[in-house]
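Trainee: Pasting the sequence and the predicted coordinates here, then a few questions.
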Amino acid sequence: MSEDARRLISNAASGLLEQIPALKPLKLVVGIDLHGRGDTQQFRLVLPDCEVTKDIHADAKVQVEMRREEFNRLTEHNQLKDWQQAFVVGRVKATGVEQYLKLIQQVVEKQNERTRLKKARH
C-alpha cells in the first residue's frame, strides 16, 4: 500500500509541476500526511525531483494533510483545478513557512490567469 502511495505522490507532483512550470525551479521539502482508517501515513516529498520516501518529515517547509480517500480521488485525474477546490473547501490543508505558501499561491494564480488568457484567444 505505501509503495502505491509513493508512486501516486510522485506522479501527482510531477503532473502538477507540468501544469505549473514556474514551480519547477523551486527546491522544497514537503511533508505529506495521509489519514486513513485509524492510522496516518507520513511521506517526505523532495521537489523538483519528486523523490518520495515514507519517512518523518522533520525538515519539511510545507506540510500537507488530507484523507487517503481524498488523495486517491484527486490523483485519479490530477487536475490543478480539483486540487485548488480541495484546498478552498478544506479537504486538503497546507501549513508551514508562510513565504513558501504565499509564493506557491501567487504562482498558481498567475498560471490560472495565463490559462484563461490562452482560452480567450482561441
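Mentor: Cool, the structure landed.
Trainee: my read: residue 68 touches residue 34, true?
Mentor: Yes: between residue 68 and residue 34 there is a contact at 4.6 Å, judged by C-beta atoms under 8 Å. (C-beta placed from N, C-alpha, C; glycine too.)
Trainee: So what sits opposite the closest residue to residue 9 other than its chain neighbours in the bridge?
Mentor: Computed as C-beta to C-beta, 6 or more residues apart in numbering, the closest residue to residue 9 that is not its neighbour in sequence is residue 52, at 4.7 Å. Beta-bridge partners for residue 52, by DSSP bridges, are residue 45.
Trainee: wait, what's in contact with residue 52?
Mentor: Residue 52 sits next to 6-7, 9-10, 13, 43-46 when contact means C-beta atoms under 8 Å, 6 or more residues apart in numbering.
Trainee: Which of these are buried? Put it as a ChimeraX command.
Mentor: Only the buried members of the contacts of residue 52 end up in this ChimeraX selection, burial being decided by 16 or more other C-beta atoms under 10 Å:
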select :6,9,10,13,43,44,45,46
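Trainee: Closest one to residue 116 out of the contacts of residue 52, please.
Mentor: Using C-beta to C-beta, residue 13 is the member of the contacts of residue 52 that lies nearest residue 116, at 23.9 Å.
Trainee: May I have the secondary structure class of that closest one?
Mentor: helix (DSSP: H, G, I helix; E, B strand; the rest coil).
Trainee: Contacts for whichever strand or helix holds residue 114, please.
Mentor: Element membership for residue 114 (DSSP states H and E) is helix 98-121. Residues outside helix 98-121 that contact it (C-beta under 8 Å, 6+ apart): 19-20, 22-23, 26, 28, 61-62, 80, 84, 94-95.
Trainee: hmm, 6 Å instead?
Mentor: Residues from elsewhere that reach helix 98-121, judged by C-beta atoms under 6 Å, 6 or more residues apart in numbering: 20, 22-23, 61-62.
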